[in-house]
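A.B. asks: Pasting the sequence and the predicted model now:
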Amino acid sequence: MKTMIGVIGGSGIYQIDGLEGASWVKVKTPWGAPSDQVLVGRLDGVPMAFLPRHGRGHVHSPTTVPYRANIDALKRLGVTDVIAVSACGSLREDMAPGDFVIVDQYIDRTFGREKSFFGTGCVAHVSVAHPTCPRLSSACAQAARAGGIKVHEGGTYLAMEGPQFSTLAESKLYRSWGCDVIGMTGMPEAKLAREAELCYASVAMVTDYDCWHESHGAVDVATVIATLTANSSQGRSMVSRLPGLLGTDRAPCPHGCDRALDNAIMTAPEMRDPEVLARLDAIAGRILKV
Ligand SMILES: CSC[C@H]1O[C@H](OP(=O)(O)O)[C@H](O)[C@@H]1O
Ligand SMILES: Nc1ncnc2[nH]cnc12
């Protein structure tokens with residue numbers, strides 16, 4: 001199988017440079033329109049697709065990002081590996097603004113979003129015990145370190161609904177739970193990528209100390225953007241190293257991300273709703289044969 005890298009850019013990252021033969025393409029999905037058109041091209045000979053999570057100009061809020069359409073669009077284009085880049089607040093002293101955290105666990109406190117491609121007419125339960133792909137995550141860590149970035153391999157991301165930042169009591173509560181970073185978009189994106197059998201790695205760029213740190217003020221958008229602007233070249237340099245690390249030919253995921261739907265579908269074949277199956281053509285076509 002051939003590698004195709006998908007990059008979902010977070011706040012402050014609305015395009016990437018250096019893609020050969022790049023063009024913005026409109027992708028239609030059964031889940032509505034993605035956040036924006038997708039920039040498709042090649043980097044060092046490896047196909048790459050870039051989608052700005054909030055749309056160019058930052059149109060979508062964390063609640064209204066069309067997460068299902070975004071993941072479907074990337075899958076439909078042939079993406080095999082998704083690198084999700086996000087801004088995040090740090091809940092730990094030693095994860096400082098400018099550092100990158102390769103997230104490997106989540107606590108999902110979002111409540112206003114569609115979280116699954118499946119439901120009435122075709123019910124499925126995938127495992128998200130390990131919601132990110134270790135192979136892809138370690139390539140991201142290697143790529144970021146090679147660019148001189150301080151990288152923390154592993155971290156628990158508290159996904160909050162937003163759009164307001166946390167209260168001090170919430171920030172302290174999440175610290176007491178052992179969470180490392182906080183953001184508004186990591187979920188349900190990671191869950192949906194797993195349902196779509198995509199390898200998914202989350203690169204969280206620390207922009208602030210949220211509001212718990214006594215010697216730092218409470219986070220605001222200006223602080224986030226200032227840190228992101230200072231770090232954007234490191235983010236880009238990490239992405240530019242990924243094709244070399246992942247290569248053009250892709251072995252099956254040793255962790256099974258690309259087979260996540262094996263044994264996950266509960267609805268009896270004769271009870272499956274044909275309209276629901278039709279919507280799942282890109283996501284579950286491998287297993288549903290639609
Ligand atoms: C501008 S701060 C809040 C905003 O930034 C993060 O976005 P993303 O994860 O897409 O980089 C955070 O989750 C909020 O959506
Ligand atoms: N402190 C914070 N809380 C939630 N989302 C964020 N994105 C960047 N910093 C954040």
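C.D. replies: Arrived safely, thanks for sending. Ligands and ions are numbered 1, 2, ... in the order given.
A.B. asks: Centroid-nearest residue for the protein?
C.D. replies: Residue closest to the average C-alpha location in the chain (C-alpha atoms, centre = their mean): residue 84, at 3.2 Å.
A.B. asks: Spell out the secondary structure type for that residue.
C.D. replies: Assigned with DSSP: H, G, I helix; E, B strand; the rest coil, residue 84 falls in the strand class.
A.B. asks: hey, what's it bridged with?
C.D. replies: residue 8, residue 202 (DSSP bridges).
A.B. asks: Find the least confident helix or strand in this structure, judged by mean pLDDT.
C.D. replies: Within the chain, no helix or strand scores below helix 221-246, which has a mean of 91 by mean pLDDT, DSSP states H and E.
A.B. asks: Buried ones in that helix, by neighbour count?
C.D. replies: By 16 or more other C-beta atoms under 10 Å, the buried positions in helix 221-246 come out as 223-224, 227-228, 231, 234-235, 238-243, 246. To be clear about C-beta, it is placed using only N, CA and C from the backbone, and glycine gets the same treatment.
A.B. asks: Next one, pLDDT for the residue of the chain at minimum distance from ligand 2 please.
C.D. replies: In the chain, the residue that lies nearest ligand 2 is residue 89 (2.3 Å; C-beta to the nearest ligand atom). What the model reports as pLDDT for residue 89 is 98.
A.B. asks: Next: residue 17.
C.D. replies: Looking at residue 17, the pLDDT reads 85.
A.B. asks: how much space between the residue lying closest to it once chain neighbours are set aside and residue 166?
C.D. replies: With C-beta to C-beta, 6 or more residues apart in numbering as the criterion, residue 17 has its nearest non-adjacent residue at 6.7 Å, and that residue is residue 236. Distance from residue 236 to residue 166, counting by C-beta to C-beta, to the nearest Å: 29 Å.
A.B. asks: didn't residue 160 look like it was pressed against residue 108?
C.D. replies: No - proximity of residue 160 to residue 108 does not meet the contact threshold set by C-beta atoms under 8 Å, at 9.4 Å.
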